[in-house]
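# Following is a predicted model, sequence given first.
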Amino acid sequence: MSEIATTTPETAAEPRPGIKRFINVDFNVGALKNAGPRYWTFIGLLAIPVTMFLVALGVLITRSGAVVAMRDTNPWGLWFIFYMYYVGLSAGGLAVYASVHLFGAEQFRPLARFAVLQAGVLVMCALLGIASEIPGPAADLGRMLWFLRTPNFTSPFVYTGSAAAIYMLICFFDLWVMTSGTGGHKLAFRMTLIALPFAVYLHTTTAFVLSMNKGRELWHTAVMVPIFLTSATASGVALLMIFAYILQATKQYRFKPSMFRSLSTFLATVIIIDIFLLLVEILVVYWPTSVMPGHVIRMNDFVTLGGRYAVVFLPVLILGITAFTLLARRSTRHLPAVQLTAAVLYVFAIFLKRYSLDVMGFSYTTLFQNTGIYIPSLVEWLMGIGIMCFGIMFVAIAIKVLPMEEPEEEHNQAEHHGSQATSVDSQPEPTIEGGVA
Amino acid sequence: MCERPTVVQKHGDRLPRVLSTVARTLPAIVGILLVVLLAMSPGIAYAGKPGTGEPLFYPCSACHPTDGSAEGLPNDFTGHRIKLQGHDVLGEGDQACLVCHDEASKDPGKLKLIDGSLVDVTGDVALVCYRCHSAVYNEWKAGAHGRPTGKCTSSGCHDPHTPQYIFGSALLPFVGMGFTAQVRSETATFTPLAAPPLNHPIETPPWLRTLTGLAVVGVGGLAGSLIRGRSRR
């Protein structure tokens, strides 16, 4: 039997060999020591982009803003696209986590810890991306401190930035509560009550960063907040589904198909709302009796075939509608291939949507000057991909070391409530790769 | 002597009474708050300015005295251009100016009336409008058009250079707000301005490109070994 740390009373009293107890959590360091070569090859694969991130950061600091494609005409680059993307993706974790602890959706309970871990790591990645926005030697630390010391309360960035930092801490604290067993269900419930409004606050203020720009028509819309919430929830749930399938494919955990079916139904519902809001937004721009010429010209760049950003925006609609169509059919919705394909399509579609969203505000200046096409520089891509790989590496190590498995009492309770998942530890199945035999 | 009955106030009665008092006064409180907020709103205060009917540069005589007393323009103001809208049909360049003004070189000089006489810009300029808009002028005089003010220009409704702009008076109950409307015969076509200034090119060190290429090869190799290992299993 593989060894995964749990928080049952027995293990809490006497940690098993290879397990180190710290802040009341049993860290299974032995699982890392005994991990197989494939695991370490995977970690090594991720370490290369992470190293390249550090190299790119060094280039940015020494050569300043000349190495990025962010200019006066397009001041927010790939880092902000990833910021919106990661913040949005974190919503899926919260949706699942909250539905377990607040609404008693027991079928999602096996995913609760992974959901919190995913949310926390994604927000951490979003915050790390701000590093791209601090070019200039010597002044970097000063700028960061200046930002913290003299916040501009008229800027939505103050609210979204602080909300992201607090939300990340809440997520990791939540994870600690769940993995250490401290406070039990009661504290987990209370933490959810705190986390939920903070998550809404985070997503709302992130949307405000765009919609509060009154000089940029395509951003300045009241639909921005709900559309941000729906696309965030949809993509987040889709990512969590992919995460669950990866866990299952690596034979670490096994989830029952009915849990995936529930997730798929949830995902299909949110996707169609998201697409509906997007179409409404386009309709408002093109409604013939209230057309604003500047408004239409900006949008033409995205929705017409010859538009500068059509190649980025049109796939959002195509992939989104395809994903929904795949999940809409009840006869095929239960198929893992269908679920996984729809989830991957939508996660990718939302990245393109965030890209489009960023450049929608900058395709023309406020003086209606055409700004060309924004293509991130090599340094920006290296930083973005490096942060993403760091996040994946963090998760890969966390699920190896942390007791992500449900404690026995919760496990029983979940089964009692009709839980849909079991760990491989409780099954006569192959052992977890890399675990201590 | 008649003894007054003692009113026994039950504790439980107090809450409904308080609530009913609050319910009765709430609309009034909300109404007062709304009025106060509206009055304090900077948007409304700003919107109140055009309601006075005083265009920004008027009266012209503030900067262009007709008696020649001024030696220079105030605040180092070097001058401004007049852009005709609507009245641009009067001609091109100075030709349009000379339809109403006596001499293009004078600022602003005198204005021409229908009988060939001249009138000062501070005088009865409505008579200048009368030259072409006699019917509207007569309606205005009779009180059937616009406001019964002394002039139809600076303190009235129309800017003679852009007569489509109408400086509306305050509308009750929103006293002080006023509005500015522009009458346009057709929708203007949107034309983006010139291209923005050229951006500084992106600098990517050649060694970084090489290093990235090596990193891609490394990642590809490791990914390949993972995939091969999986397929063997």
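That came in fine, so what should we check first? Residues are numbered from 1 along each chain as shown, chains lettered A, B, ... in the order given.
# What's the mean pLDDT across stretch B:216-233?
On average, the pLDDT along stretch B:216-233 is 82.
# Check which residues of that stretch are buried.
B:218, B:219, B:222, B:226 (16 or more other CB atoms under 10 Å in any protein chain shown). Any C-beta I mention is one placed from the backbone N, CA and C, and that applies to glycine too.
# Pretty sure the first one sits in a helix.
What it means is residue B:218. Yes: residue assignment for residue B:218, taken from DSSP: H, G, I helix; E, B strand; the rest coil, places it within a helix.
# for the stretch 51-200 of chain A, what are the low-confidence residue spans?
Counting by pLDDT under 70, the stretch 51-200 of chain A shows low-confidence ranges at A:131-132, A:134-144, A:147.
# who in it is up against chain B?
Within the stretch 51-200 of chain A, the positions adjacent to chain B are A:51-52, A:55-56, A:59, A:63, A:66-69, A:71-73 by CB under 8 Å from any CB of the partner chain.
# okay, these in CSV with secondary structure and neighbour count next?
Below are those laid out as CSV (DSSP: H, G, I helix; E, B strand; the rest coil; neighbours: other CB atoms under 10 Å in any protein chain shown):
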residue, secondary structure, neighbour count
A:51, helix, 16
A:52, helix, 26
A:55, helix, 18
A:56, helix, 28
A:59, helix, 23
A:63, helix, 18
A:66, helix, 14
A:67, helix, 22
A:68, coil, 26
A:69, coil, 20
A:71, strand, 19
A:72, coil, 12
A:73, coil, 17
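# Spatially, and excluding backbone neighbours, which residue is closest to residue A:363.
Nearest residue to residue A:363, sequence neighbours excluded (CB to CB, 6 or more residues apart in numbering or on different chains): residue A:301, at 5.1 Å.
# so that neighbour makes contact with residue A:312?
No: assessed by CB atoms under 8 Å, residue A:301 is found out of contact with residue A:312, at 10.0 Å.
# Alpha carbons only: can I get the helix or strand that contains residue A:384 in PDB?
Remark: residue A:384 resides in helix A:378-401, with elements defined by DSSP states H and E. Taking Å, rounded to 0.1, in the frame of the first residue of the first chain, the C-alpha atoms of helix A:378-401 are listed here in PDB:
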ATOM      1  CA  LEU A 378      10.200  36.700 -25.900                       C
ATOM      2  CA  VAL A 379      11.000  38.000 -22.400                       C
ATOM      3  CA  GLU A 380       7.300  38.300 -21.600                       C
ATOM      4  CA  TRP A 381       6.500  34.800 -22.800                       C
ATOM      5  CA  LEU A 382       9.400  33.400 -20.900                       C
ATOM      6  CA  MET A 383       8.200  35.100 -17.700                       C
ATOM      7  CA  GLY A 384       4.600  34.000 -18.300                       C
ATOM      8  CA  ILE A 385       5.300  30.400 -19.100                       C
ATOM      9  CA  GLY A 386       7.900  30.200 -16.300                       C
ATOM     10  CA  ILE A 387       5.400  31.300 -13.700                       C
ATOM     11  CA  MET A 388       2.900  28.800 -15.100                       C
ATOM     12  CA  CYS A 389       5.400  26.000 -14.800                       C
ATOM     13  CA  PHE A 390       6.300  27.200 -11.300                       C
ATOM     14  CA  GLY A 391       2.600  26.900 -10.400                       C
ATOM     15  CA  ILE A 392       2.400  23.400 -11.900                       C
ATOM     16  CA  MET A 393       5.600  22.400 -10.100                       C
ATOM     17  CA  PHE A 394       4.200  23.700  -6.800                       C
ATOM     18  CA  VAL A 395       1.100  21.600  -7.200                       C
ATOM     19  CA  ALA A 396       3.000  18.500  -8.300                       C
ATOM     20  CA  ILE A 397       5.100  18.700  -5.100                       C
ATOM     21  CA  ALA A 398       2.100  19.700  -2.900                       C
ATOM     22  CA  ILE A 399       0.000  16.700  -3.900                       C
ATOM     23  CA  LYS A 400       2.900  14.400  -3.300                       C
ATOM     24  CA  VAL A 401       3.800  15.800   0.100                       C
END
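# what about that helix, distance to the chain center?
Per CA atoms, centre = their mean, to the nearest Å, the displacement of helix A:378-401 from the mean C-alpha position of its chain is 12 Å.
# Could you look up the next helix or strand downstream of the lowest-mean-pLDDT helix or strand in chain B?
When the helices and strands of chain B are compared on mean pLDDT, DSSP states H and E, helix B:42-47 comes out lowest with a mean of 37. Counting by DSSP H and E, the next helix or strand C-terminal to helix B:42-47 is helix B:94-100.
# Fine by me, thanks again.
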